[in-house]
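> Sequence and predicted structure, then a few things I'm wondering about:
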Amino acid sequence: MTFSDFNFHPDLQEGLLSMGYKTPTPIQQEAIPLVMQKNDLIACAQTGTGKTASYLLPVLHQIAQTDKKYINTLILAPTRELAQQIDQQVEGLAYFTGISSIAVYGGGDGAIYETQKRALRDGVDLVIATPGRLIAHLTSGAINLDHLQHLILDEADRMLDMGFSDDIMRIISYLPKKRQTLLFSATMPPKIRSLANAILNQPLEVNIAISKPAEGITQQAYLTYDHQKLPLIESLLKDKTYQSGIIFSSTKDKVKELDRALRKTGIQAKAFHSDLNQEERETLLNAFRARQLPFLIGTDVLSRGIDVEGIELVINFDVPPDPEDYIHRIGRTARAATTGTAITFINERDQRKFFSIESLIGKEIPKVTLPEGLGESPLYQPELKRPDFKRRGGKNWKNRKPKPKTN
Ligand code: AMP
């Protein structure tokens, strides 16, 4: 199945091309036709499955064919981060369609609130909002949802966990009764069922089981301090046990830094990132496929884009923020029923994230003792590691750019 099977509006098809999406993911294959037929829908799907595009594409397709006079679609999300991510996907997919969107979330100073208010008054097709801030705009009369066609609740379970239940019901009281409602949730506890009963009309259901790492992957982890990571990677790669592997890090800058550091050690590894042009990327990938280049260093973009058989090793130089990305990263090895090894370096700040990965895949990953000479490793105490440790006291926190005051 390809995206052309859905017969999307040509401008949307162009957006899909530019985003590099080729094949619909399982949730997209199942949900898109149901949403296009105007059904209400309950979808059980995790982040990382392509769930966002599974509701955005059919909705954008529909908006692309209407006169854009009123707010057409409201997406409710639990956090500002998720609202921004959804908005970014809208921007990418709808780039050629002329459809406009705004992410509306809480906090910030009065200026942000006024900017949101003006944008809502000037007219926009799609609003992505956290519940609290949306209520503020609704009660001040800045936003009119009388002509709304679609309501989407994303990560509904998290919204309920965060106590947004009453806010959601209040928002719904401002919406037309005749509308299409889609509810996406990673889990389906009874309270989600009751919410669905209250706000959806004869919904259909899709359920996408979470992905599990392939059986052939041996997973291991090292507990490290940051200064031990480079000597550790050297000791793992220098003895040539592995002929081919990918080293993942979470940001492009870290990838470049690692490239420079590894070059000094004589290990043949090159960075693959978005600053390279298409030709440079192709050349690198071809050298990697042909085994002339043993190791690639890349971000999660590489974890989704690369399909090379015979990769023996994946190293996670840091723990990916999203547990599903871990599955994508390590899935680069042991393809086509072969075997492979996936090794993750966990510093103190990442312990909590790693624990979420172990929870998602339902097993504890063995922690290996550091090679001799590298010193003691930190203890594994994920329950004591605060998720916001980095923001408050992490080593580089002073050098971080201040966040715009929007929260
Ligand atoms: P989501 O589960 O919606 O958070 O999506 C996870 C990631 O997969 C996002 O970075 C999307 O841009 C990407 N994505 C979604 N659908 C596709 C697709 N069909 N092909 C490739 N990447 C996709």
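The structure has been received and is ready for your questions.
> Would you verify that residue 85 is located in a helix?
Yes - looking at residue 85 with DSSP: H, G, I helix; E, B strand; the rest coil, it is inside a helix.
> tell me the pLDDT at it?
Residue 85 is assigned a predicted lDDT (pLDDT) of 88.
> Same question for residue 242.
89.
> Please apply the same query to residue 289.
In this model, residue 289 is scored at 87, pLDDT.
> ok, now residue 22?
Confidence score, pLDDT, at residue 22: 86.
> Can you verify my assumption that it contacts residue 4?
No - using CB atoms under 8 Å, residue 22 makes no contact with residue 4, being 10.3 Å away. Heads up, the C-betas are built off the backbone N, CA and C, glycines and all.
> Tell me who's in contact with residue 192.
Shown in contact with residue 192 (CB atoms under 8 Å, 6 or more residues apart in numbering): 156, 157, 160, 183, 185.
> Beta-bridge partners for the residue nearest to it when sequence neighbours are not counted, please?
Computed as CB to CB, 6 or more residues apart in numbering, the closest residue to residue 192 that is not its neighbour in sequence is residue 185, at 5.3 Å. With DSSP bridges as the criterion, residue 185 is bridged to residue 44.
> Can you give me the distance of residue 185 to the ligand?
As judged by CB to the nearest ligand atom, to the nearest Å, residue 185 and the ligand stand 13 Å apart.
> For that residue, the count of nearby residues, please.
Using other CB atoms under 10 Å, residue 185 has 24 other residues around it.
> Is it in contact with residue 157, as I believe?
Yes - under the criterion of CB under 8 Å, residue 185 makes contact with residue 157 at 4.5 Å.
> mind listing what residue 205 touches?
With contacts defined as CB under 8 Å, 6+ apart, residue 205 is in contact with 41, 42, 43, 44.
> Am I right that the third one is in contact with residue 31?
Think residue 43. Yes - contact between residue 43 and residue 31 holds when scored by CB under 8 Å: they sit 5.6 Å apart.
> quick one: common contacting residues for those two?
For the pair residue 43 and residue 31, residues contacting each of them under the criterion CB under 8 Å, 6+ apart are 51, 54, 55, 206.
> For the residues you listed, which two are the farthest from each other?
55 and 206 (11.0 Å; CB to CB).
> list the contacts for residue 196?
Each residue near residue 196 by CB under 8 Å, 6+ apart is listed here: 42, 183, 203.
> backbone phi and psi for it, please?
phi -60, psi -40 (degrees, to the nearest 10).
> Can you give me the first-to-last residue distance of stretch 354-367?
Terminal residues of stretch 354-367 lie 11 Å apart, using CA to CA, to the nearest Å.
> Of the contacts of residue 192, which is the nearest to the ligand?
Nearest to the ligand among these: residue 185, at 12.8 Å, using CB to the nearest ligand atom.
> What is the neighbour count of the nearest residue to residue 346 once chain neighbours are set aside?
Closest residue in space to residue 346, ignoring its immediate chain neighbours: residue 354 at 4.8 Å, by CB to CB, 6+ apart. Neighbour count for residue 354, taken as other CB under 10 Å: 26.
> And for the one 10 residues further on?
Here the count is done by other CB under 10 Å, and residue 364 has 12 residues near it.
> Let me know the helix or strand that the residue nearest to it when sequence neighbours are not counted is in.
Using CB to CB, 6+ apart and skipping the chain neighbours, the partner closest in space to residue 364 is residue 358 (5.5 Å). Using DSSP states H and E, residue 358 sits in helix 351-361.
> Run the chain-centre distance for that helix.
Centroid separation between helix 351-361 and its chain, computed with CA atoms, centre = their mean, to the nearest Å, is 16 Å.
> Note down every partner strand of the helix or strand just after it and its orientation.
The first helix or strand that comes after helix 351-361 along the chain, using DSSP H and E, is strand 367-368. Next to strand 367-368 in the sheet, as set by DSSP bridges, lie strand 217-223 (parallel).
> For the partner strand, give the mean pLDDT please.
What strand 217-223 shows for mean pLDDT is 95.
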